[in-house]
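Visitor: Sharing a model prediction with you, sequence too.
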Amino acid sequence: MVEITDAQIDAALERGKMTLETEPRAATARYDRQLDRVIVDLTNGCTFAFPPQIAQGLESATADQLAEVEILGLGYGLHWEGLDADLSLP
């Protein structure tokens with residue numbers, strides 16, 4: 001069994017903290033009915049939008065279903081419960 005030191009644990013925690021502070025992830029997500037776009041605002045201030053028809057699992061979703069978008073975890077994914085669909089935000 002490999003021994004993990006307190007220093008290694010501290011270093012890993014620090015790397016995780018730095019990642020959360022610097023790596024973009026979803027801050028908000030919504031569906032815009034007029035534009036027919038899923039819009040995601042990132043933690044770094046950028047925004048991106050995409051037509052749901054190009055995303056697997058969202059191709060034939062209704063506007064009401066698309067409006068139920070949720071952010072997963074720390075912002076690295078989107079989820080639509082009613083569609084059983086998830087998208088990763090790498």
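Guide: Here it is on my side, so go on.
Visitor: what are the ranges of the helices in the chain?
Guide: Assigned by DSSP state H, the chain shows helices spanning 6-22, 63-66.
Visitor: Mind listing what's buried along the last one?
Guide: In other words, helix 63-66. 65-66 (16 or more other C-beta atoms under 10 Å). All C-beta spots, glycine's among them, are computed from the backbone N, C-alpha and C.
Visitor: Identify the residue spatially nearest to the residue nearest in space to the middle of the chain, adjacent ones excluded.
Guide: Residue closest to the mean C-alpha point of the chain, counted by C-alpha atoms, centre = their mean, is Gly77 at 2.7 Å. Of all residues not flanking Gly77 in the chain, Ser88 sits nearest, at 5.2 Å (C-beta to C-beta, 6 or more residues apart in numbering).
Visitor: Can you give me the neighbour number for that neighbour?
Guide: 8 (other C-beta atoms under 10 Å).
Visitor: and what of Glu3?
Guide: For Glu3, using other C-beta under 10 Å, the count is 5.
Visitor: how close does it get to Ile9?
Guide: Relative to Ile9, Glu3 is positioned 11 Å away (C-beta to C-beta, to the nearest Å).
Visitor: now the strands for this structure?
Guide: For the chain, applying DSSP state E gives strands covering 26-32, 37-42, 47-50, 70-72, 77-80, 85-88.
Visitor: So for Asp64, which of those strands sits nearest?
Guide: Ranking those by proximity to Asp64 (C-beta to C-beta) places strand 26-32 first, at 9.1 Å.
Visitor: I figured Val40 hits Ala49, correct?
Guide: Yes - assessed by C-beta atoms under 8 Å, Val40 is found in contact with Ala49 at 7.3 Å.
Visitor: Compare these two and say which one has the larger neighbour count.
Guide: Val40 (23 against 14).
Visitor: Can you check the pLDDT for the more buried one?
Guide: pLDDT, Val40: 98.
Visitor: now Thr19
Guide: Note on Thr19: pLDDT of 76.
Visitor: separation between it and Leu35?
Guide: 31 Å.
Visitor: Thr28 now?
Guide: 15 Å.
Visitor: Compare the two (neighbour count), which wins?
Guide: Set Thr28 next to Leu35 and count neighbours by other C-beta under 10 Å: Thr28 wins out with 13 against 10.
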